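Asks: Sequence first, then the predicted structure:
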Amino acid sequence: MQASRTLKRVASLYGICTYQGETYRAVQPPVPRRDVPVPAPATAPSALPSAPPASAAASHALYTLVNLLTGPPAHKDALAHRPGLLARVWEHLCPNAPEDLALPAVWCVINLTWPTERDERLAARCRALQQAGVDERLDELVRSHGSRDVQDRARTAREQVRKGAGAGPGGQEGGVGGGSVVVLTPAAPTAGAGIRDVN
């Protein structure tokens, strides 16, 4: 009899229990016992997980742009017509920028100037980058950034900008790009360069 009462108590705490063919089901949720102290956790968990550092979020955003710029020329032109966005990218093309921000910024330039057969706007984008001073910023990175990886990628980007600026439709040397003219305009040092469509 005592065992039966104990099993009923256990069943009420844990849900279902079977003893000697009888099934006991919990009819109410388990009630914690007040006479047994609950040990405190060794370390108190914080209320909210900490947010990632701002540089990590910026790095993720820059790599998102890098991936978008691997798409068709229309994606590249869409970014080229966003002066505020490009200004934020160009901010990280400086020798004192951390590697996790400078490297994706350089990759943005590489992908923005990557030659493809059907890209009639390559020359216009490269000339606009030169007018905005991006190739000088890349020179600075090649000369004095602390990361060898950033220096190597900046060298590649600088060569592409210079080569692409002389390219015509389809990446051919010596022509003029088709469509509207894209002009990157210099802005305040913190804002970087802007873009305006001249037509």
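Replies: All right, it came through fine.

Asks: Longest helix in the chain, by number of residues?
Replies: As far as residue count goes, and with DSSP state H defining each element, the longest helix of the chain is helix 148-165.

Asks: packing partners for it?
Replies: Under the contact criterion of 3 or more Cβ pairs under 8 Å, 6 or more residues apart in numbering; DSSP states H and E, the helices and strands touching helix 148-165 comprise helix 99-112, helix 122-131, helix 134-144. From N, CA and C alone the C-beta is placed, and that goes for glycine too.

Asks: any idea of the mean pLDDT in the second one?
Replies: Right, helix 122-131. Per-residue pLDDT over helix 122-131 has a mean of 92.

Asks: Report all helices and strands that that helix contacts.
Replies: Counting by 3+ Cβ pairs under 8 Å, 6+ apart, the packing neighbours recorded for helix 122-131 are helix 73-80, helix 99-112, helix 148-165, strand 181-186.

Asks: tell me which helix or strand of the chain sits lowest on mean pLDDT?
Replies: Among the helices and strands of the chain, strand 181-186 carries the lowest confidence by mean pLDDT, DSSP states H and E, at a mean of 42.

Asks: can you redo the helices and strands packed on helix 122-131 as TSV with distance to Arg137?
Replies: As requested, the helices and strands packed on helix 122-131 are exported to TSV (distance: least, Cβ to Cβ, whole Å):
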stretch	distance to Arg137
helix 73-80	17
helix 99-112	9
helix 148-165	8
strand 181-186	12
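
Asks: Arg121 is nearest to which of the ones you listed?
Replies: Shortest distance between Arg121 and the helices and strands packed on helix 122-131, using Cβ to Cβ, is found for helix 73-80: 5.7 Å.

Asks: outside of the closest one, which residues touch it?
Replies: Defining contact as Cβ atoms under 8 Å, 6 or more residues apart in numbering, one finds that helix 73-80 is touched by 65, 68-69, 85-86, 111-112, 116, 118-122, 125, 128, 182, 195.

Asks: I'd like the next helix or strand past that helix.
Replies: Using DSSP states H and E, the helix or strand that directly follows helix 73-80 along the chain is helix 83-90.

Asks: Now do that following helix, average pLDDT.
Replies: The average of the pLDDT scores along helix 83-90 is 88.
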